[in-house]
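Novice: here you go, sequence then predicted model.
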Amino acid sequence: MRCNIHDYDIMEDGIAIGEKRGEERGRSEARLEAARNLINLGVSFDIIAQAQDLPLETVQQLAATLQPVVK
């Protein structure tokens, strides 16, 4: 099977798209992890949502899934 220059352009575009999606997923996971930590510290859900650029409903749902942290 022979590849031409156009095939390489398509492959590079696909790699770039994959990298962008991976970066977006990583940022999203980081925001959720920060929100979890803030919830465990007792920070207001409104403040967490605002600080992490998350919907309030997402923060509330996340809080409902967490186990209380024993200090």
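Specialist: Looks like it arrived, so ask away.
Novice: mind checking the pLDDT average for stretch 56-71?
Specialist: Averaging pLDDT along stretch 56-71 yields 85.
Novice: what sits up against it?
Specialist: Stretch 56-71 is contacted from outside by 32, 35-36, 39-40, 45-46, 48-49, 52, using C-beta atoms under 8 Å, 6 or more residues apart in numbering. Bear in mind the C-beta positions are built from the backbone N, C-alpha and C, glycine included.
Novice: show the buried residues in those.
Specialist: Buried members of the contacts of stretch 56-71, counted by 16 or more other C-beta atoms under 10 Å: 35-36, 39, 45, 48-49, 52.
Novice: helices along the chain, start to end?
Specialist: Per DSSP state H, the chain carries helices over the ranges 5-40, 45-52, 56-65.
Novice: circling back: could I get the buried ones among the contacts of stretch 56-71 as CSV with distance to residue 17 and pLDDT?
Specialist: CSV is the format used below for the buried ones among the contacts of stretch 56-71 (distance: C-beta to C-beta, whole Å; pLDDT from 0 to 100):
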residue, distance to residue 17, pLDDT
35, 27, 97
36, 29, 96
39, 33, 97
45, 34, 97
48, 31, 98
49, 29, 97
52, 25, 96
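Novice: of those, which pair is most distant in space?
Specialist: For those, the farthest-apart pair by C-beta to C-beta is 36 and 49; their separation is 13.1 Å.
Novice: re earlier: make a markdown table out of the contacts of stretch 56-71 and add distance to residue 18.
Specialist: Shown next, in a markdown table, are the contacts of stretch 56-71 (distance: C-beta to C-beta, whole Å):
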| residue | distance to residue 18 |
| --- | --- |
| 32 | 21 |
| 35 | 26 |
| 36 | 27 |
| 39 | 31 |
| 40 | 33 |
| 45 | 34 |
| 46 | 35 |
| 48 | 30 |
| 49 | 30 |
| 52 | 25 |
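Novice: what's the closest of those residues to residue 25?
Specialist: Set against residue 25, the nearest of those by C-beta to C-beta is residue 32 (10.6 Å).
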